[in-house]
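Chemist: Sharing a model prediction with you, sequence too.
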Amino acid sequence: MTHRSAEGTDKLHAPADFAGPVVQRKCTDVFCALLLLLSWLAMTGLGVYAYLNGDYRLVLYPMDFDGNLCGTDYGDIDMTEYPFLYYVNSYSGGVCVKDCPALPDDLLVDVYSAVSYGGVHQTDDAVLSPTFVDVADYSTSENVLYCEGDGAGLDYCYPFGSAALSWNSPGINEGFGFAYYAVDTYELFWRCVPNLDAIDKLKNLTSSDGGCSNGGQCGDIDRRQLKRRRLERRMEEEDGSDFDASSLSSSSFFNGTAEDLNEISVSDLTDLFFNGTGATDLDIAAFYDSTEQFWNNLFGDLWTSKTYVLGFGFGASLAIGLVYAYLLRIPSLLPFMVWGSIAAAIASFGYSGYYAYTLADKWSNADPQIHPDSNIQAATIASYVLWAIGGLLILTFCCLRKQIWLSMKCVKKTGKALGSMPLIILFPVVQAAGFAIFMVLFLVYGIYLASLGTLDSNTYSVDVGPFSYSVSVRDFDYDRTTQNLAWFLLFCLFWTSQFIIAVGEITIAMSVSKWFFARDKRKVGSGTVWTSLWHTLGFHLGTAAFGSLIVALVKMVRAFLAKLQKEAKKTDSKVIQAVLCCLQCCMWCFEKCIRFMNKNAYIQTAIFGTSFCTSAREAFFLIARNSGRIAAISYVAGLTSFVGRLFITAVTCGVGYVVIEETYGDQLYSPVGPVFFIGLISFFISGMCMAVFDMCSKTILHCFVADEELGTGYADSKLSAYVDKYGSEEDTDGSDDGGEA
């Protein structure tokens, strides 16, 4: 049908009987289709191999410090009756328990009770019963460690029975020992996750002057002095010498404090634990620093509000996106939709900022103040950020107001195409269903593959004052073969996901091109979409596989670079990190270029039925010959898709923020985290909805340029005048002397 010179300067030539996209098609790029099928077979074989040799329980079920799987009989100790893991150190070491401890709401934490590798350990001041948690029996384990020390009534977790010294004790060791405090928890994937309220309770356990603020739980100085005198008498009875416990400083027994034993209060403990002030100058960031606490708070907020995060992120955004895309098909509503979306997006950010600011002011003026200063500060900063985004949007759209008006002229043709084929709007749902089916298999194969690692033991040496011991934690080590199989599985994910997208793009391009090249557009309807899908599945799966393969290979390179970047951070070499960052940016740009060329190649395939390489070459030269007009129209038409995504995301986030705050209120550390994830999900979902609109616009523009070169006269005069005028304006730096068709 078409002929090119070696330089690609010849224009398209149509046969005498050209009547739009070819009817008699042939299979294209069959080899790539077979290659994709072979990769799926290999992936299935990998899954079968992993299923026969692995055990999913190793991945899904938690593993304790001794290598036993909680809730199973895997390991040296049968843990069938102990399905949950209670963490006791930041090495992810923990013990299996029968139930996650749920402390009373008026308690939430007991600093005089600890859970260790050897079980529950308490002081005389413990509020909880020793049976508050049922820990598995580890007495037969070679790696078990106990809080009970040797002689003089000392122990590794509560020296001299003092909770004030426990944080720096050999047992707890700032969160890197073999024991940890008893806190209220909730169940999450068979793990006992600390309750955020319990963590906050620890922060505020004592008043600023060191007095007890929770009804006497902290104990008092008289009781500590009594214990000290008992210790003195015990030491004198053992060796017959005078012993003054008050002369025992923490620095002589542990490392890091010069306070005498009788001068350390529980307020010192909590200040040290959370604020890094008080009894010592140690940096407690190793376990509960600001970064770790931030992620813990964020994860807890997401889990608490998970219903609304998923509901608004997926459900609400999809519904709003489909309705928005459907309304865009009505030409008379287009100006109101676009400008209304811009106004609504700006208003959403403005109102959300106002809501966050008033909320922070309400929290700040509360008497007594319930919310911590960090929450108030976060809400205030969030309001400023939201207002700044709204202001930036106002400036941006003021500068682009002319381009937005021009884009609507091109978008009206897209709206007419969608109006003739409304079924095409639902195509992302079909793609999502196909991807979901693949993801089920991918996750099953991935879980079994991850269980093929070799169980290893990591040993950490702990030296606290005169005490030295080792903390053992079990972990997995993967050999090179397993790692290579994981890379292959990742490649299959990239290739298949891009293949599903490519099939959708070819189907949409074929449907729209049939509409464009139809003399009587009233004969084009939703049935055209089904016909195009059938032709795509029957003839052009190989082309979709070819284009998606290229994108998948680029993504694999980017994934490998990301792995190198992670390794480079361990070397502290700024040069290597900078080089890898530049390479990552270059590959990102290259991927964008490949995606652009793939879309236009798919359009060529949809119209002329050619293979991927031929279509990509013809599309490249067609774009090169009309670069000015295609770039200009693509730019302004893309504004409508951007406005749509922004509108869908802003409305979803705004409504989600108000609903989450009103529903959960004080139960969350901050609603910003859940709303942020709602925004991420809704932006992705809105992209799926607007991708149909964007592909339709690109197809119409591509068909117009092809029609102009073919000289078949399918484009109407209004579209021709618009493309020629605006394309000429861009080529002449904004002059109004462009030609009229």
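Modeler: Now that the structure is in, tell me what you want to look at.
Chemist: hang on, Arg645 packs against Ile685?
Modeler: No - Arg645 is beyond contact range of Ile685, at 9.4 Å (criterion: CB atoms under 8 Å). To be clear about C-beta, it is placed using only N, CA and C from the backbone, and glycine gets the same treatment.
Chemist: Would you mind checking the average pLDDT for the helix or strand Ala568 falls within?
Modeler: Ala568 is located in helix 541-571, with elements delineated by DSSP states H and E. Average pLDDT, helix 541-571: 92.
Chemist: Stretch 363-376 now?
Modeler: On average, stretch 363-376 scores 73.
Chemist: repeat for stretch 383-398
Modeler: For stretch 383-398, mean pLDDT rounds to 84.
Chemist: Stretch 137-151 now?
Modeler: Per-residue scores along stretch 137-151 average to 78.
Chemist: before we move on, what about stretch 95-103?
Modeler: Mean pLDDT, stretch 95-103: 89.
Chemist: who's in contact with it?
Modeler: If you take CB atoms under 8 Å, 6 or more residues apart in numbering as the criterion, stretch 95-103 is touched by 62, 64-65, 68, 70-71, 79, 81-86, 88, 109-110, 115-117, 119, 128, 132-136, 138, 182-187, 192, 198.
Chemist: and that stretch, how far from the chain's centre?
Modeler: Relative to the chain's own centre, stretch 95-103 is displaced by 29 Å; criterion: CA atoms, centre = their mean, to the nearest Å.
Chemist: For it, what is the spacing between the initial and final residues?
Modeler: Distance across stretch 95-103, first residue to last, is 18 Å (CA to CA, to the nearest Å).
Chemist: which parts of it are buried?
Modeler: Of all the residues in stretch 95-103, those buried under the rule 16 or more other CB atoms under 10 Å are 95-97, 100-101, 103.
Chemist: Please export the C-alpha coordinates of stretch 114-125 as PDB.
Modeler: Taking Å, rounded to 0.1, in the frame of the first residue of the first chain, the C-alpha atoms of stretch 114-125 are listed here in PDB:
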ATOM      1  CA  ALA A 114       9.200  -7.700  79.300                       C
ATOM      2  CA  VAL A 115       8.900 -10.400  76.800                       C
ATOM      3  CA  SER A 116      12.200 -12.200  76.100                       C
ATOM      4  CA  TYR A 117      13.600 -15.200  74.200                       C
ATOM      5  CA  GLY A 118      13.100 -17.100  77.500                       C
ATOM      6  CA  GLY A 119       9.500 -16.000  78.200                       C
ATOM      7  CA  VAL A 120       7.800 -13.300  80.300                       C
ATOM      8  CA  HIS A 121      10.000 -11.500  82.800                       C
ATOM      9  CA  GLN A 122       8.700  -9.000  85.400                       C
ATOM     10  CA  THR A 123       9.700  -6.900  88.300                       C
ATOM     11  CA  ASP A 124       7.800  -6.600  91.600                       C
ATOM     12  CA  ASP A 125       6.100  -3.500  90.400                       C
END
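Chemist: how about that stretch: buried residues?
Modeler: For stretch 114-125, a neighbour-count test (16+ other CB under 10 Å) marks 114-123, 125 as buried.
Chemist: Sort out for me which of those residues are in strands.
Modeler: Here DSSP state E is the test, and the buried residues of stretch 114-125 give 114-116, 119-122 as lying in strands.
Chemist: want to throw those residues into CSV with distance to Phe596 and pLDDT?
Modeler: Output for those, formatted as CSV (distance: CB to CB, whole Å; pLDDT from 0 to 100):
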residue, distance to Phe596, pLDDT
Ala114, 60, 87
Val115, 57, 89
Ser116, 59, 88
Gly119, 63, 88
Val120, 62, 89
His121, 64, 87
Gln122, 66, 85
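Chemist: So Lys201 is in contact with Val109, correct?
Modeler: Yes - counting by CB under 8 Å, Lys201 does reach Val109; the two are 4.9 Å apart.
Chemist: more crowded one of these two?
Modeler: Remark: of Lys201 and Val109, Val109 carries more neighbours, 25 against 21, as counted by other CB atoms under 10 Å.
Chemist: From Gly679, how far off is that one?
Modeler: Per CB to CB, to the nearest Å, Val109 is found 34 Å from Gly679.
Chemist: Could you do Gly453 as well?
Modeler: 36 Å.
Chemist: So for those two, which residue has more residues nearby?
Modeler: Neighbours were counted for Gly453 and for Gly679 using other CB under 10 Å; Gly679 has more, 20 against 17.
Chemist: related to what we said a few turns ago, dump the buried residues of stretch 114-125 into CSV; add distance to Gly547 as well.
Modeler: CSV is the format used below for the buried residues of stretch 114-125 (distance: CB to CB, whole Å):
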residue, distance to Gly547
Ala114, 59
Val115, 55
Ser116, 58
Tyr117, 55
Gly118, 60
Gly119, 60
Val120, 61
His121, 62
Gln122, 65
Thr123, 68
Asp125, 69
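Chemist: residues contacting Phe590?
Modeler: Phe590 touches Val554, counting by CB under 8 Å, 6+ apart.
Chemist: how near is it to Gln584?
Modeler: 11 Å.
Chemist: next one: Glu505
Modeler: Counting by CB to CB, the gap from Glu505 to Gln584 is 26 Å.
Chemist: all strands for this structure, in order.
Modeler: Taking DSSP E as the criterion, the chain carries its strands at 84-87, 94-97, 109-116, 119-122, 179-183, 185-188, 191-194, 454-464, 467-477.
Chemist: With Gln24 as the reference, name the closest of those strands.
Modeler: In terms of CB to CB, the element of the strands of the chain nearest to Gln24 is strand 467-477, at 56.1 Å.
Chemist: chain center to stretch 526-533: distance?
Modeler: Distance, centroid of stretch 526-533 to centroid of chain: 36 Å (CA atoms, centre = their mean).
Chemist: Over to stretch 338-353?
Modeler: Worked out by CA atoms, centre = their mean, stretch 338-353 lies 26 Å from the chain centre.
Chemist: same deal with stretch 563-582?
Modeler: Using CA atoms, centre = their mean, the offset of stretch 563-582 from its chain centre is 22 Å.
Chemist: same question, stretch 158-165
Modeler: Worked out by CA atoms, centre = their mean, stretch 158-165 lies 41 Å from the chain centre.
Chemist: Between the two ends of it, how far is it?
Modeler: End-to-end span of stretch 158-165 (CA to CA): 7 Å.
Chemist: now stretch 169-186
Modeler: Taking CA to CA, stretch 169-186 runs 27 Å from one end to the other.
Chemist: Can you report how many residues neighbour the closest residue to Glu505 other than its chain neighbours?
Modeler: Distances taken as CB to CB, 6 or more residues apart in numbering place Tyr602 nearest to Glu505, at 5.0 Å, with adjacent residues excluded. A count of nearby residues for Tyr602, using other CB under 10 Å, gives 32.
Chemist: from the middle of its chain, how far away would the helix holding Ala568 be?
Modeler: A distance of 19 Å separates the centroid of the chain from that of helix 541-571, by CA atoms, centre = their mean.
Chemist: same question, stretch 355-363
Modeler: Distance, stretch centre to chain centre, for stretch 355-363: 28 Å (CA atoms, centre = their mean).
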